[in-house]
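A.B. asks: predicted model, plus sequence, below.
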Amino acid sequence: MKASESEIESFQKLGLNYRSIIGALNYISTNTRPDITFEISHLSQFLERPSLKHWLASLQVLRYLYHTKGKTLNYYNKGKCNIISYADSDWGNSPINRRSVGGYTLFLNHHLISWRTKKQQTISHSTTEAEYKSLSDASKEILWFQQLLQETNLEVPGNVPTLYNDNKGTIDLAHSNINHNGFKTKHMDIEFHFIRDLIRNQKLELFYVSTHVMATDFLTKEVGKTILLRSKSFINLY
């Protein structure tokens with residue numbers, strides 16, 4: 001949705017507060033409506049230089065919220081106490097700078113607790129690298145959540161947290177015993193050993209899951225109605 005200079009200048013003359021509407025939508029997506037998180041993350045890239053097309057896209061999100069205003073995240077006092085997370089990433093799909101977009105969801109007792117869409121700060125040279133960055137973000141969120149439970153004296157699950165990903169190559173690499181991982185930067189080498197250490201020290205279990213049952217697809221790209229409905233079912237948003 002990159003805009004031309006003339007489109008940006010024309011929009012500025014209208015005096016519409018794009019930053020305000022995106023700020024309000026971001027608050028909603030962060031707290032109660034994960035189903036708009038990807039869209040708001042994308043539109044937030046244009047806060048400094050928005051155009052009419054970005055404004056209209058934000059209004060489209062508002063219309064979607066209006067027509068689904070009865071939808072809420074649902075929580076039930078049942079189920080085994082465990083922590084499960086799903087992490088996913090696209091690979092260089094941004095036409096602006098080819099940075100990948102990662103996302104994760106975190107569940108306690110199959111109830112959605114945390115979610116995030118994040119444009120990665122550096123360009124990934126492979127699908128594996130993009131997925132690894134997403135796995136690292138999800139792993140750090142799991143560790144943070146475990147610490148939060150301890151500090152608030154809430155029940156801490158006794159079993160090892162489970163992290164799911166739909167890239168077999170990434171998972172095989174995390175479980176392998178090879179010393180050279182193929183990553184060409186120190187930063188990625190650190191991420192590689194961080195995840196491997198969590199697995200080796202039994203602080204994390206990493207498993208493959210089919211793309212069709214990933215509870216994170218809607219956080220990394222625009223999805224159609226069928227996938228969106230399926231994702232909303234996964235996260236108990238209805």
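C.D. replies: Okay, I see it.
A.B. asks: identify the residues contacting residue 74.
C.D. replies: 111, 236, 237, 238 (Cβ atoms under 8 Å, 6 or more residues apart in numbering). For the C-beta atoms, the positions are set from N, CA and C on the backbone; glycine is no exception.
A.B. asks: please report phi then psi for it.
C.D. replies: phi -110, psi 140 (degrees, to the nearest 10).
A.B. asks: where along the protein do the strands fall?
C.D. replies: 83-89, 101-108, 111-119, 162-165, 205-208 (DSSP state E).
A.B. asks: buried residues in the longest helix along the chain, which are they?
C.D. replies: Determined from DSSP state H, the single longest helix within the chain is helix 127-151. Applying a neighbour-count criterion of 16 or more other Cβ atoms under 10 Å, the buried positions in helix 127-151 are 127-139, 141-142, 145, 149.
A.B. asks: and residue 44, how close does it get to residue 19?
C.D. replies: Distance from residue 44 to residue 19, counting by Cβ to Cβ, to the nearest Å: 9 Å.
A.B. asks: report how many residues lie close to the residue nearest to residue 150 when sequence neighbours are not counted.
C.D. replies: Once flanking residues are discounted, residue 150 sits nearest to residue 156: 5.8 Å by Cβ to Cβ, 6 or more residues apart in numbering. Residue 156: 14 surrounding residues under other Cβ atoms under 10 Å.
A.B. asks: for this structure, which helix or strand comes out least confident on mean pLDDT?
C.D. replies: Sorting the helices and strands of the chain by mean pLDDT, DSSP states H and E puts helix 186-200 at the bottom, at a mean of 86.
A.B. asks: that helix - contacts with which helices or strands?
C.D. replies: Judged by 3 or more Cβ pairs under 8 Å, 6 or more residues apart in numbering; DSSP states H and E, the packing partners of helix 186-200 are helix 127-151, helix 168-175, strand 205-208.
A.B. asks: in that helix, which residues are buried?
C.D. replies: 188, 191, 192, 195, 196, 198, 199.
A.B. asks: for these, could you give me a markdown table that also reports distance to residue 77?
C.D. replies: As requested, the buried residues of helix 186-200 are arranged in a markdown table below (distance: Cβ to Cβ, whole Å):
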| residue | distance to residue 77 |
| --- | --- |
| 188 | 41 |
| 191 | 37 |
| 192 | 39 |
| 195 | 33 |
| 196 | 36 |
| 198 | 30 |
| 199 | 31 |
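A.B. asks: list just the nearest of the residues you listed to residue 231.
C.D. replies: residue 195 (24.6 Å; Cβ to Cβ).
A.B. asks: coming back round to it: which of the contacts of residue 74 has the most neighbours?
C.D. replies: Counting by other Cβ under 10 Å, top hit in the contacts of residue 74: residue 237 with 19 neighbours.
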